[in-house]
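**Student:** Give me a 3D structure for the following:
(chains A and B)
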Amino acid sequence: MAVYKRGYEPYEGELTPEWSRFLVIARQAYRRVFESRLLVSYLVLCLICPVACALIIYLPHNEGALQMVSVGDLITIEPGFFLKYMHLQGWLGFILTAFIGPGLISADLANNALPLYFSRPFTRTEYVAGKMSVLAILLSFITWIPGLLLFAFQSYLAGPKWFWDNLHVAYALFVGFWVWIILLSLLALAMSAWVKWKLAAGILILAIFFVVAGIGSVLNEVLDTRMGSLINVVQVIDTIWSSMLGLASRSGISPANAWMSLAAACALCLHLLSRKVRAYEVERS
Amino acid sequence: MDTQPVIELQGLEVRFCGRVILDNLTRSVSGQAIGLLGPNGAGKSTLINTLLGFYQPSRGTARIFGHDIRMDLRRVRSLIGYMPENEAFIAGMNAVEFVRYMGELSGLPPDAALERAHQALYYVGLGEARYRKLEEYSYGMRQLVRLAQAIVHGPTLLFLDEPTNGLDPAARRRMIRLIRDIRKRAGLRIVLCSHLLRDVEECCEEVLILKKGRIVHHANLEEERRLNRKFIELETDIDGTPLVEAAQELGCECALAGGRRIKMVLNQQVEIRRLYELAAGCGIQIQKLNYKRDSLEDIFLKAMENGNGSLQTRL
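**Tutor:** Below you'll find the predicted structure:
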């Protein structure tokens, strides 16, 4: 019978597995993300760096290229090269988060949509996981996935010895980027949940990176300490990535302190999310 | 009809910031359509939100179709469709995308969700407008979309929180018609929360009246109406005192107003014909006889006056 002729009838078909339902949020979000030419262009732009890195990796192994360029001009492929790659892609990831992140929860809050989600067999954790997955999947495509491909490419060209000597680089690319993705996603979601206005949420995300970093620098200067760097997200993540790659960080904070600072930031974001991501807020009088 | 209780409240108490909002609610309801009535701030919406797991009970619990809302919330939610009181939508979507999305979140596979989204939107009367953005809809249309998203996954129990709020008379009639139609469909129970007595009277056969977070009355409207058949009003051509005395001798409760108007609660054994015989015996002619029905408004007002759950004598 045609749909328009049918009346109300109960649903008796199969249901999707409960564990997979949070991905419905990501799927829906991507329909809208890929409708935006600006975002699609930006995503393509984000892949230029990995392609350029692949070329840099390839050049020393190409005889024709070696004849044109002197060996001294070539970049050595070692952990420092991958740290630069991580920094560059990390910043591109941050800009992507600043584009997409602010509207993820604030739009639902502004339109009072949360009761619609939570009146279904769908928990707050699944909601946050769904919203995080929107960022996590996109960020993965521009960070650790091309990073590991570059590592595999270099290993293929340089041979097994290089692979075994630099296996920790693959670990750093995978774990280090995931730490960054989780931090960015939580920060973006927490700001998005805290401020119903998308633009304000975007400004807050930028403020956390730049204004708080500035405050950290002032603290360092005034108190003659390095502890101010603990609230500078960029320096914290640089310390963690450098330690994973076996390199010295210029931030002046220890990796243990950086990890603790990171854990505190994530805990604070989770706390904000648990306060704000509710069907209805109880007004305290 | 299935007589399993739809909702069982067991000493349910909800507090916000130490203030008691729902106070020790204990009741079991099993009607096909249950009305939740009460003045603003009585706790109707809070009760619905608690049953949906939005608020944690500070004491007691509740069961929906036997599933504890504390222990088995996911199962409870899978049985429920919820139409919230306030504006609620997801920006940037048209009605089909929105209702489909809600269906998928409830666990419907994408294809089934899409098919049922079209079906639900046709059913609520938005078939022709289903590809328009939600932001472009009128308030009344958005109410209908909220109803469509509540039924898209085929729930067993439908919570409707003030579904006719803000609707013009025509849209209200349409909404009431829809609710009555949904009620008729097998297996679907409705909990209608409203402060509009007419809505509840038209749609529900069982009603819970709340006041200041407590249940002050629980009535089966059909039963109330049946009982009220014995409650009559008479008008006589001359002074009705002899008829009143004669009726009282038969065990009827009577009150005389203005000499010719009599209000009477008939004894269970007394038939109406007997009243005519009595009147003829007294030389009185009954000019008018009405069965007086307690309207829901009467029941509500009495419940509000008493506030302790028991109804006073009807006379």
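**Student:** For the rest of this, base every contact and every neighbour count on C-alpha atoms.
**Tutor:** Fine.
**Student:** buried residues in stretch A:166-182?
**Tutor:** Across stretch A:166-182, burial judged by 16 or more other CA atoms under 10 Å in any protein chain shown covers A:166, A:169-170, A:172-174, A:176-182.
**Student:** Between the residues you listed, which sits nearest chain B?
**Tutor:** A:Ile182 (23.7 Å; CA to the nearest CA).
**Student:** show me the contacts for that closest one.
**Tutor:** Residues counted as contacts of A:Ile182 (CA atoms under 8 Å, 6 or more residues apart in numbering or on different chains) are A:Ala136.
**Student:** one step back: got CSV for the buried residues of stretch A:166-182, with pLDDT too?
**Tutor:** Formatted as CSV, those follow (pLDDT from 0 to 100):
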residue, pLDDT
A:Asn166, 94
A:Val169, 96
A:Ala170, 97
A:Ala172, 96
A:Leu173, 97
A:Phe174, 97
A:Gly176, 97
A:Phe177, 97
A:Trp178, 97
A:Val179, 97
A:Trp180, 97
A:Ile181, 97
A:Ile182, 97
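**Student:** Sitting in helices, which of those do you find?
**Tutor:** Of these, the ones assigned to helices by DSSP state H are A:169-170, A:177-182.
**Student:** residues touching B:Gly154, list them.
**Tutor:** Counting by CA under 8 Å, 6+ apart, B:Gly154 has contacts A:9-11, B:81.
**Student:** again with B:Asn267
**Tutor:** B:230, B:250-253.
**Student:** Let me know whether B:Glu205 touches B:Leu36 as I believe.
**Tutor:** No - if you go by CA atoms under 8 Å, B:Glu205 and B:Leu36 don't touch, sitting 11.2 Å apart.
**Student:** neighbour count winner among those two?
**Tutor:** Taking neighbours as other CA atoms under 10 Å in any protein chain shown, B:Glu205 and B:Leu36 compare with B:Leu36 leading, 28 against 18.
**Student:** next one: phi and psi at the more buried one?
**Tutor:** phi -110, psi 110 (degrees, to the nearest 10).
**Student:** Equivalent analysis for the one 4 residues further on, please.
**Tutor:** Dihedral pair for B:Asn40: phi -60, psi 140, per degrees, to the nearest 10.
**Student:** so after the helix or strand of chain A with the lowest mean pLDDT, what's the next helix or strand?
**Tutor:** Ranked by mean pLDDT, DSSP states H and E, the weakest helix or strand in chain A is helix A:63-68, scoring a mean of 74. Sequence-wise, the next helix or strand downstream of helix A:63-68 (DSSP states H and E) is helix A:79-100.
**Student:** quick one: buried residues of that following helix?
**Tutor:** For helix A:79-100, by 16+ other CA under 10 Å, it's A:79, A:82-83, A:85-90, A:92-94, A:96-98, A:100.
**Student:** So which bits of the stretch 51-200 of chain A are right by chain B?
**Tutor:** A:107-108, A:111-113, A:115-122 (CA under 8 Å from any CA of the partner chain).
**Student:** In the residues you listed, which residue is surrounded by the most others?
**Tutor:** Going by other CA under 10 Å, A:Ser119 tops these with 29 neighbours.
**Student:** Need phi/psi at it.
**Tutor:** phi -80, psi 0.
**Student:** Next: B:Gly92.
**Tutor:** The phi/psi pair for B:Gly92 (degrees, to the nearest 10) is phi 80, psi 10.
**Student:** Does it touch B:Lys133 like I think?
**Tutor:** Yes - B:Gly92 lies in contact with B:Lys133 (CA under 8 Å); the separation is 6.6 Å.
**Student:** from the buried residues of helix A:79-100, which single one is nearest A:Leu206?
**Tutor:** A:Ala98 (7.3 Å; CA to CA).
**Student:** Ignoring the adjacent residues along the chain, who's closest to that closest one?
**Tutor:** Spatial nearest neighbour of A:Ala98, chain neighbours left out: A:Gly202 (5.8 Å); criterion: CA to CA, 6 or more residues apart in numbering or on different chains.
**Student:** burial count for the one you found?
**Tutor:** For A:Gly202, using other CA under 10 Å, the count is 21.
**Student:** cool, the one 10 residues further on as well?
**Tutor:** Counted with other CA under 10 Å, residues neighbouring A:Val212 total 17.
**Student:** Skipping adjacent residues, who's closest to B:Gln149 in space?
**Tutor:** That would be B:Val99: by CA to CA, 6+ apart, it lies 4.9 Å from B:Gln149.
**Student:** does that neighbour sit in a helix or strand, and which one?
**Tutor:** Using DSSP H and E, B:Val99 falls in helix B:95-105.
**Student:** Which residues belonging to that helix are considered buried?
**Tutor:** So helix B:95-105, judged by 16+ other CA under 10 Å, has buried residues B:95-105.
**Student:** and that helix, how far out from the chain's middle?
**Tutor:** 28 Å (CA atoms, centre = their mean, to the nearest Å).
**Student:** Report all helices and strands that the very next helix or strand once past it contacts.
**Tutor:** Using DSSP H and E, the next helix or strand after helix B:95-105 towards the C-terminus is helix B:110-124. Applying 3 or more CA pairs under 8 Å, 6 or more residues apart in numbering or on different chains; DSSP states H and E, one finds that helix B:110-124 makes contact with helix B:95-105, helix B:139-151.
**Student:** Tabulate these (a markdown table), appending mean pLDDT.
**Tutor:** Listed next are the helices and strands packed on helix B:110-124 as a markdown table, based on pLDDT from 0 to 100:
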| stretch | mean pLDDT |
| --- | --- |
| helix B:95-105 | 96 |
| helix B:139-151 | 93 |
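**Student:** could I get these as a markdown table with distance to A:Thr143?
**Tutor:** Compiled in a markdown table, those are given as follows (distance: least, CA to CA, whole Å):
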| stretch | distance to A:Thr143 |
| --- | --- |
| helix B:95-105 | 29 |
| helix B:139-151 | 38 |
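**Student:** do you know which of those helices lies nearest A:Phe210?
**Tutor:** helix B:95-105 (37.0 Å).
**Student:** so which of the contacts of B:Gly154 is the most crowded?
**Tutor:** Neighbour max across the contacts of B:Gly154 (other CA under 10 Å) = B:Gly81, 27 neighbours.
**Student:** Quick check on it: phi, psi?
**Tutor:** phi -120, psi 140.
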